Structure formats: C-alpha cells, structure tokens
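Asks: My questions concern the predicted model and sequence given below.
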Amino acid sequence: MGYSFHAHRITGGIGADDGFWESLEDGGFRLPRCADCAEWMWPAHHRCAVCGCWEQRWEPTPMDGRVYSWTRVHTAVDRAREGAPDLPYVVIVAELPAAAGARVLGRLAGPDQGVRVGARVNGHIDPPSPRTRGYAVVRWSVSW
Ligand SMILES: [Zn+2]
C-alpha cells in the first residue's frame, strides 16, 4: 500500500512544516532556514523571527546529536493507536548542533540501555507504514 504526503497531512497544522514531512517521505532529513538571513526556523514557522522574511529553504541536515530529553510511553493515545503493539517505547528529543541546537522528536530505535540526557544519537528515517498511520518517522539510535 502506498502513502502520499497529502493524504496524511498533520491534522490542524498550519503547513509551515510541510517541507519536513515531505522530505521524510522522500527519505531525506531537512530543516528550515530563513531564505534571507539563514536563521534556523525550527520548530517550523512561516516567518523568520530575526529578520521578518516570509521565505524558508529546506536544508539537508546531519542527523547527529545528543539526547536533550526522553520519556518512555506506556499508553496509546487516540491519534497513535496503530503503534499500540510497540508499547512501551521510548521517545527522544534530540538536539542537533548542525542546526544550531534545533530539537527534533523521534522514536528510539533498538534497546533503551544507554539512553540518558546528553547521550550521543544518530538518526535514520523509517518509511510510512500502517503502524505509523502513514507518516514517515524519525528514529534515533544511541551511539556507543
Ligand atoms: Zn531571517
């Protein structure tokens, strides 16, 4: 079964992060920068907070960083019931130095030994699947 970005757009979103989801579906990891002053604009928003520019460009970004925060999820929420068979699982907020410390949410890949604030992580992208409600997802792996 194929998936397409437009069929799975984030409900209630304002569209500023469309480029993020589109790049994940293409297997790439891109974060937005201001087209004028190059300020990182993450979380994505339509207007640069530094110079007021309304244009952004989506820049390929290395998926290397450190754990900023993490938690273990034990309960399936309504909008993620398809992931219930994976419970419990760990969600990580990784801080990426290549993007001025942008913090990006993703699921932990592999066992959770070694997960702690400050641990090195690297990421990859899982393609859309029924378990992720048709979204491509970021997976973080702890580096040893
Ligand atoms: Zn700017």
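Replies: The structure has been received and is ready for your questions. No experiment lies behind these values; they were computed from the predicted model shown.

Asks: Check which helices and strands the lowest-mean-pLDDT helix or strand in the chain is in contact with.
Replies: Least confident helix or strand, the chain: helix 18-25 with a mean of 92, by mean pLDDT, DSSP states H and E. Counting contacts by 3 or more C-beta pairs under 8 Å, 6 or more residues apart in numbering; DSSP states H and E, helix 18-25 packs against strand 30-34, strand 56-60. C-beta coordinates here come from the backbone N, C-alpha and C atoms, glycine included.

Asks: winner for burial among those strands?
Replies: Greatest average neighbour count among those goes to strand 30-34 (a mean of 22), per mean count of other C-beta atoms under 10 Å.

Asks: which strands and helices sit next to that strand?
Replies: Using 3+ C-beta pairs under 8 Å, 6+ apart: strand 30-34 touches helix 18-25, strand 56-60.

Asks: any chance of the ones you listed in TSV, plus distance to the ion?
Replies: Below are those laid out as TSV (distance: least, C-beta to the ion, whole Å):
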stretch	distance to the ion
helix 18-25	16
strand 56-60	9
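
Asks: want to throw those into CSV with distance to Val90?
Replies: Converted to CSV, those look like this (distance: least, C-beta to C-beta, whole Å):
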stretch, distance to Val90
helix 18-25, 19
strand 56-60, 26
